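>>> what shape does this take:
(2 chains)
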Amino acid sequence: SQTIHQWPATLVQPVGSPLSLECTVEGTSNPNLYWYRQAAGRGLQLLFYSVGIGQISSEVPQNLSASRPQDRQFILSSKKLLLSDSGFYLCAWTFVRTSGSGNTIYFGEGSWLTVV
Amino acid sequence: GENVEQHPSTLSVQEGDSAVIKCTYSDSASNYFPWYKQELGKRPQLIIDIRSNVGEKKDQRIAVTLNKTAKHFSLHITETQPEDSAVYFCAASPVYSGGGADGLTFGKGTHLIIQP
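Okay, the predicted model is just below:
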């Protein structure tokens, strides 16, 4: 079966410091990978998605970036955090769609980021 | 692109009563409609989904109905229990056009409160 893990689970970072969140998927190959952000009490905002190694698409312009150095690894980074970057970050994956019908998206455990 | 509206944003019901959450979507080509439950501080998890060739689907106390003509779908929870308290998200997935990630468009969520 497939599993997804992300870490760290929680972190408190000062404004202007760098960020690195990591996510890995096991039990499948060539998944579609996603980073979502959820502000407190809010909905799910898609930040980045990737359909393959080195292929990153950004949905929202910001000071965050994403990378996919390996097939099942997805990293969210920032060089300088802002207060507004605080939130709950979720990595997710889907199977590659091979037909016209959509696929279920599976979320990692999430990472709570507090920028102080 | 797809737009998903979800109502209500907050729903409070007495334990044992039924709860109904409604979503509308804009893209008539969307064909996959999952529902996620997110408990406080945890990841969203799939609870039920429906594809466009089906009008209703049930799983014990939860059911989802789809009206493709009106472009709306609903989540029904019967005999609500305290553990049903959570935020519920609906989503819609358009027909795959190839070349990109398998995007789900989420509603903004409904906070369901079960009153004892």
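>>> for chain A, what lies in contact range of chain B?
Within reach of chain B by CB under 8 Å from any CB of the partner chain, chain A has these residues: A:32, A:34, A:42-44, A:46, A:49-51, A:57, A:90, A:94-97, A:99-110, A:112. Backbone N, C-alpha and C define where each C-beta goes, glycine included.
>>> strands of chain B, start to end?
All strands of chain B, identified by DSSP state E, fall at B:4-7, B:10-14, B:19-25, B:32-38, B:45-51, B:56-59, B:62-67, B:72-77, B:86-92, B:105-106, B:110-115.
>>> pairing partners for the third one, with directions?
Read it as strand B:19-25. strand B:4-7 (antiparallel), strand B:72-77 (antiparallel) (DSSP bridges).
>>> export the first one to CSV, keeping only CA atoms.
Just to be clear, that refers to strand B:4-7. These are the backbone C-alpha positions of strand B:4-7, laid out as CSV (Å, rounded to 0.1, in the frame of the first residue of the first chain):
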residue,chain,number,x,y,z
VAL,B,4,-16.6,25.2,-6.0
GLU,B,5,-19.0,26.9,-3.6
GLN,B,6,-19.7,25.2,-0.3
HIS,B,7,-22.5,25.9,2.2
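>>> state the mean pLDDT of that strand.
Mean pLDDT, strand B:4-7: 96.
>>> which stretches of chain B have low pLDDT?
B:95-102 (pLDDT under 70).
>>> what parts of it come near chain A?
B:30-32, B:34, B:41-46, B:49, B:51, B:89, B:91, B:93-96, B:100-104, B:106-109.
>>> report the contact partners of residue 33.
Just so you know, I chose chain A. Listed by CB atoms under 8 Å, 6 or more residues apart in numbering or on different chains, the contact set of A:Leu33 reads A:Cys23, A:Val25, A:Tyr49, A:Ser50, A:Arg68, A:Phe74, A:Cys91, A:Ala92, A:Trp93.
>>> wrong chain, I was asking about chain B
B:23, B:25, B:49-52, B:64, B:66, B:73, B:90-93.
>>> the same query, at a cut-off of 7 Å, please.
Residues near B:Phe33 by CB atoms under 7 Å, 6 or more residues apart in numbering or on different chains: B:Asp49, B:Ile50, B:Leu66, B:Phe73, B:Cys90, B:Ala91, B:Ala92.
>>> what sits opposite it in the beta ladder?
Going by DSSP bridges, B:Phe33 forms beta bridges with B:Ile50.
>>> count of residues packed around the spatially closest residue to A:Ser58 that is not a sequence neighbour?
Nearest non-adjacent residue to A:Ser58, counting by CB to CB, 6 or more residues apart in numbering or on different chains: A:Phe48, 5.6 Å away. A:Phe48 is flanked by 24 other residues according to other CB atoms under 10 Å in any protein chain shown.
>>> which elements pack onto the host helix or strand of A:Phe48?
Using DSSP states H and E, A:Phe48 sits in strand A:45-52. Contact analysis of strand A:45-52 by 3 or more CB pairs under 7 Å, 6 or more residues apart in numbering or on different chains; DSSP states H and E lists strand A:32-38, strand A:55-58, strand A:64-70 as its packing neighbours.
>>> mean pLDDT lowest for which of these?
Of all these, strand A:55-58 has the smallest average pLDDT, which comes to a mean of 89.
>>> which residues outside that one are in contact with it?
For strand A:55-58, the surrounding residues in contact (CB under 7 Å, 6+ apart) are A:Phe48, A:Tyr49, A:Ser50, A:Ala66, A:Ser67, A:Arg68, B:Ala101.
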